[in-house]
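Peer 1: Here is a sequence with its predicted model. Questions after.
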Amino acid sequence: MEIALAILSGLFVLIGLLGAILPILPGPIISWVGILILHFTDYAEYSTTFFVVTALIVVAITVLDYFIPIWGTKKFGGTKAGVTGSTVGLIAGLFFPPMGLIIGPFIGALVGEIVANRKEFKKALKSATGSFLGFLLGTGLKLIYCGVMIYYYFSAVFV
């Protein structure tokens, strides 16, 4: 049973890492659940403080992940269409890894801004840049968190 729970925990942690990139999956939450599952094995024992602090970080990252792209877009003069386009571009970019994951959100934001009746390409480009930077920052935070959870998993199971 211990090994089965450890494997299940590892799957959750790895799916959480995937979810840090995919907008469909709540990556940090899934990684946190993976570490919680690992806690119920003989491989690791984490404190209540650890779980409370990491849960608060998950909540903060999840909230920030919704607001950072909006902030970046607005800071650079963009619209909601840029944020939506960035998300669509990310999903389309999944079919062309690894560059599609980087270029897709930017192109999506640019197309979103142009479709939203931006008359000047230069303004659309600027707001697409803001949306893209916001997306990268949010994704970066999620990747860092999930990476730390992977570290906790591997240091408990394999060390």
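Peer 2: Yep, that arrived. Because the structure is predicted, anything quoted here is derived from the model rather than measured.
Peer 1: So for this structure, which residue is the most central one in space?
Peer 2: Central residue of the chain (C-alpha atoms, centre = their mean): residue 20, 3.1 Å from the mean position.
Peer 1: Distance check, it against residue 1.
Peer 2: 29 Å (C-beta to C-beta, to the nearest Å). In this view, the C-beta of every residue, glycine as well, is placed from N, C-alpha and C.
Peer 1: Show me the shaky parts of this protein.
Peer 2: Scanning the chain for pLDDT under 70 picks out 117-119.
Peer 1: still on that earlier bit, and the residue nearest to the centre of the chain, which helix or strand is it part of?
Peer 2: Secondary structure from DSSP states H and E places residue 20 in helix 2-21.
Peer 1: ditto for residue 64
Peer 2: Per DSSP H and E: residue 64 is located in helix 48-75.
Peer 1: now that helix against helix 2-21, angle please.
Peer 2: Note on geometry: by axes from the mean of the first three to the mean of the last three C-alpha atoms, to 10 degrees, helix 48-75 and helix 2-21 are set 20 degrees apart in direction.
Peer 1: Could you point out the helix or strand that follows the helix holding residue 20?
Peer 2: In N-to-C order, the element after helix 2-21 by DSSP H and E is helix 27-39.
Peer 1: Can you list the buried residues in that next one?
Peer 2: 27, 28, 29, 30, 31, 32, 33, 34, 35, 37, 38, 39 (16 or more other C-beta atoms under 10 Å).
Peer 1: out of those, which one sits closest to residue 6?
Peer 2: Checking the buried residues of helix 27-39 against residue 6 with C-beta to C-beta, the nearest one is residue 38 at 6.5 Å.
Peer 1: Surely the closest one touches residue 51?
Peer 2: No - counting by C-beta atoms under 8 Å, residue 38 stays clear of residue 51, with 11.4 Å between them.
Peer 1: ok, residues contacting the helix holding residue 20?
Peer 2: With C-beta atoms under 8 Å, 6 or more residues apart in numbering as the test, helix 2-21 has contacts from 25-35, 37-38, 40-43, 101, 139, 142-143, 145-147, 149-150, 153, 157.
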